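Colleague: Could you work out the structure for the sequence below:
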Amino acid sequence: MRAFARCLARDEGGGPAIEFAIAGPVVLLVLFGCIEFGRVFWIRNTLEYAVEEAARYATLNKSATQSDIQTKVRSNVLGINPGIVQVAVVSAPGANVDYKTITATLSTNGGQISLISGLLPVKMLTVSAQTRSVVPK
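Modeller: Coordinates of the predicted model:
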């Protein structure tokens, strides 16, 4: 029995397994955090592209209605379900132009944006993009 105890005391074979058990969860948490940050950044860039395209459409088409602009935003959110994108178009008259502020918003409220893992403590996350368009009269 004593020989077995001495053998176990000198054995270093399980060291890497213990190190991985300590560092592994931290590494995985950082990895999933990077993936989630990248996805949120991609969603924000997609929303920015969609509202800028809709602003360009509104500038070039003077007779575009609010519904047309919302449809244009939803048609440009590539890779995202267009039904979950909230789009607001606010018009403000100017002297010789009309200003249209276009806002697109997505949120994790209600599970609209599904996160990869439940490990990250993100309860409410809102991603939005906004631009302002000048529409000549």
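Colleague: Show me where the chain dips below the pLDDT cut-off.
Modeller: 8-9, 11-12, 108-123 (pLDDT under 70).
Colleague: Can you tell me which helices and strands the lengthiest helix in it packs against?
Modeller: Ordering each helix of the chain by length in residues (DSSP state H) puts helix 15-60 first. Helix 15-60 sits against helix 66-75, strand 97-107, strand 126-136, with contacts defined as 3 or more Cβ pairs under 8 Å, 6 or more residues apart in numbering; DSSP states H and E. Bear in mind the C-beta positions are built from the backbone N, C-alpha and C, glycine included.
Colleague: Out of the ones you listed, the one nearest residue 59 is which?
Modeller: With Cβ to Cβ as the criterion, residue 59 lies closest to strand 126-136 of the helices and strands packed on helix 15-60, at 5.3 Å.
Colleague: now that closest one against helix 66-75, angle please.
Modeller: 130 degrees (axes from the mean of the first three to the mean of the last three Cα atoms, to 10 degrees).
Colleague: Nearest the geometric middle of the chain, what residue?
Modeller: residue 40 (2.4 Å; Cα atoms, centre = their mean).
Colleague: Let's have the helices and strands packed on helix 15-60 in CSV, adding mean neighbour count and distance to residue 85.
Modeller: As requested, the helices and strands packed on helix 15-60 are exported to CSV (neighbours: other Cβ atoms under 10 Å; distance: least, Cβ to Cβ, whole Å):
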stretch, mean neighbour count, distance to residue 85
helix 66-75, 18, 6
strand 97-107, 18, 6
strand 126-136, 16, 10
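Colleague: Would you mind giving the ones you listed as JSON lines with distance to residue 27 added?
Modeller: Formatted as JSON lines, the helices and strands packed on helix 15-60 follow (distance: least, Cβ to Cβ, whole Å):
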{"stretch": "helix 66-75", "distance to residue 27": "39"}
{"stretch": "strand 97-107", "distance to residue 27": "29"}
{"stretch": "strand 126-136", "distance to residue 27": "27"}
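Colleague: Please identify which of these is closest to residue 34.
Modeller: Here strand 126-136 is closest among those (Cβ to Cβ), at 17.1 Å.
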